[in-house]
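Okay, sequence plus prediction incoming.
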Amino acid sequence: MNSVLLTGRTTTDIELKTSLSGMSVATFVLAVERRSKDDIADFPTIVAWNKTAEFLSRYVTRGRKIIVEGEIRTRTYEDRDGRKHKATEIVANNIEFADNKSLER
């Protein structure tokens, strides 16, 4: 089963784009702390599509703590110079707030 549940803070404001096929897409990085206090955080790339992407762009700003439920996806692509690359991303199926905005003043 391919299932991921992450809690972390967004590192930038969410930028909404439109794919070549006309679908809404949002890509951002989530800072996720590790269990051990001695470890640094991980920074996975999160991709959201359609209504989830639009929700993110409307309501989530930089530094907001959110819960991301999704799947790990790996893809390969070729850059402009013809070099092949591999990317691993989290495709978000569901986003929830993990903080109380009124408490963050």
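Structure received.

could you list every residue that touches the residue most central in space within the chain?
For the chain, the residue nearest the mean C-alpha position is Ile46 (2.3 Å; C-alpha atoms, centre = their mean). Residues in contact with Ile46 (C-beta atoms under 8 Å, 6 or more residues apart in numbering) are 27-30, 68, 70, 89-92. For every residue, glycine as well, the C-beta is placed using N, CA and C.

what's the spacing between the helix or strand hosting it and its chain's center?
In the assignment (DSSP states H and E), Ile46 maps to strand 45-49. Distance of strand 45-49 from the chain centroid (C-alpha atoms, centre = their mean, to the nearest Å) equals 4 Å.

For whichever helix or strand comes after it, which residues meet the burial criterion?
For strand 45-49, the following helix or strand on the C-terminal side (DSSP H and E) is helix 50-59. Across helix 50-59, burial judged by 16 or more other C-beta atoms under 10 Å covers 52-57.

For the residue nearest to the centre of the chain, give the beta-bridge partners.
Partner residues in beta bridges with Ile46, using DSSP bridges, are Phe28, Ile90.

can you start the count at 792 instead of 1 from here on
Yes, from this point I'll number from 792; that puts the last item at Ile837.

This structure: strands as residue ranges?
In the chain, the segments counted as strands under DSSP state E are 795-801, 806-809, 815-822, 836-840, 856-869, 875-888.
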